[in-house]
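**Student:** Sharing a sequence plus its predicted fold:
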Amino acid sequence: MAALQKCVNSSLMGTLASSCLLLLALWVQGGAAVPIGSHCRLNHSDFQQPYITNRTFMLAEEASLADNNTDVRLIGDKLFHGVNVRERCYLMKEVLNFTLEEVLLPQSHRFQPYMQEVVPFLAKLSNRLSQCRIESDEQHIQRNVQMLKDTVKKLGENGEIKAIGELSLLFIALRNACI
């Protein structure tokens, strides 16, 4: 029995020492123990709220009716070209931030009441992804995002309407990439 207690005490002390070393290492690193890309995640429950999902799709549908350019697709295969599956959430975070800042906020007076409900929801998702970074070079992602931005800007207000009309695609792409 004494040998068993000695063994358990020794094992416990080893675990305690290892834990202390780990905590000390985390403290020295400023608490950064998780890989950079681990913040590129959203909760599954964010996409299972029927009310906000419906409002997002209704906003996209209403804007689609005002979109007269059916030749251009903003969120499609070209956006994901050359982007690794593990980097897609970061890509979608960049698209979400652009959409919020450059499209939805300037157009916030339109498409009510959906806009006033959807913008805070998307802002919440953006906030949750604010720490999302990738470990590799992001030039290829920034190039794809820049092409999307250039297309929206080239089309002017029609580009903004198109981006709003594709919010359902943004919603689905965020869900697929970030869950």
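**Tutor:** Arrived safely, thanks for sending. Numbers count the residues shown, from 1 in each chain.
**Student:** Please count neighbours and contacts with C-alpha atoms only from this point.
**Tutor:** OK.
**Student:** Would you mind pointing out the helix or strand the residue most central in space within the chain falls in?
**Tutor:** The residue lying closest to the centre of the chain (C-alpha atoms, centre = their mean) is K93, at 3.7 Å. Element membership for K93 (DSSP states H and E) is helix 88-98.
**Student:** what's the neighbour count on N97?
**Tutor:** For N97, the count of nearby residues is 19 (other C-alpha atoms under 10 Å).
**Student:** list the contacts for it?
**Tutor:** S126 (C-alpha atoms under 8 Å, 6 or more residues apart in numbering).
**Student:** Repeat the analysis, applying 10 Å as the threshold.
**Tutor:** Counting by C-alpha atoms under 10 Å, 6 or more residues apart in numbering, N97 touches 103-104, 122-123, 125-127, 129-130.
**Student:** quick one, helices of the protein?
**Tutor:** With DSSP state H as the criterion, the chain has helices at 2-28, 50-66, 77-80, 88-98, 114-128, 139-155, 157-165, 167-178.
**Student:** Who are the contact partners of the residue nearest to the centre of the chain?
**Tutor:** K93 touches 40, 99, 125-130, 132-133, 170, 174, 177-178, counting by C-alpha under 10 Å, 6+ apart.
**Student:** And the buried ones among the residues you listed, selectable in PyMOL?
**Tutor:** A single PyMOL command selects the buried members of the contacts of K93 (16 or more other C-alpha atoms under 10 Å):
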select buried, resi 40+99+125+126+128+129+132+133+170+174+177+178
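**Student:** can you list the contacts of K93 in TSV and add pLDDT and distance to K154?
**Tutor:** Below are those laid out as TSV (pLDDT from 0 to 100; distance: C-alpha to C-alpha, whole Å):
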residue	pLDDT	distance to K154
C40	90	30
T99	98	15
L125	97	27
S126	97	25
N127	97	28
R128	95	30
L129	96	28
S130	95	28
C132	94	29
R133	90	28
L170	98	20
L174	96	25
A177	95	27
C178	96	29
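**Student:** In terms of distance to G82, which of the contacts of K93 ranks first?
**Tutor:** If you rank the contacts of K93 by distance to G82 using C-alpha to C-alpha, A177 comes first, at 14.7 Å.
**Student:** I'd like to check which residues are in contact with the spatially closest residue to that closest one that is not a sequence neighbour.
**Tutor:** For A177, ignoring the flanking residues on the chain, the nearest one in space by C-alpha to C-alpha, 6 or more residues apart in numbering is C89 at 4.7 Å. Residues near C89 by C-alpha under 10 Å, 6+ apart: 37, 39-42, 95, 129, 132-134, 173-179.
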